[in-house]
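In: I would like the atomic coordinates for the input below:
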Amino acid sequence: MTVTKITAYIGLGSNLSEPIAQVKNAIDEVKQLAQCQVTAISSLYLSKPQMDNPQEQVISGSTGSTK
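Out: Prediction:
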C-alpha cells in the first residue's frame, strides 16, 4: 500500500475569552490528531475586526501540518 503525504495549512483565530490561549489550545488539539504532524506554527497577529458591528480585536495565526 502506498502512503500519500498531504500538507495542510490551517488558519486559526479568536476574539473571545482569552484569544491567545484559545489559539494555543487549538494548536495543541491539532497536534493530538492521529497521524498528523505539525510542521510549522506562525507568529500570532492582532487585527481589528472587519465588520461594522462592535467586536473585540482578533488574534490570528496559522499552522502547517502533514498527514
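In: Need the pLDDT of the residue most central in space within the chain.
Out: The residue lying closest to the centre of the chain (C-alpha atoms, centre = their mean) is residue 12, at 2.9 Å. At residue 12, the model reports a pLDDT of 91.
In: Quick check: beta-bridge partners of it?
Out: On DSSP bridges, the residues paired with residue 12 through beta bridges are residue 61.
In: Next up, the contacts around it.
Out: Listed by C-beta atoms under 8 Å, 6 or more residues apart in numbering, the contact partners of residue 12 are 23, 26-27, 60-63. Where you see a C-beta, it was placed from the backbone N, CA and C, and this is true even at glycine.
In: So which of those is surrounded by the most neighbours?
Out: Within the contacts of residue 12, residue 23 tops the neighbour count with 21 neighbours, counted by other C-beta atoms under 10 Å.
In: How about the contacts made by that one?
Out: 12-14, 44, 59-61 are the contacts of residue 23 under C-beta under 8 Å, 6+ apart.
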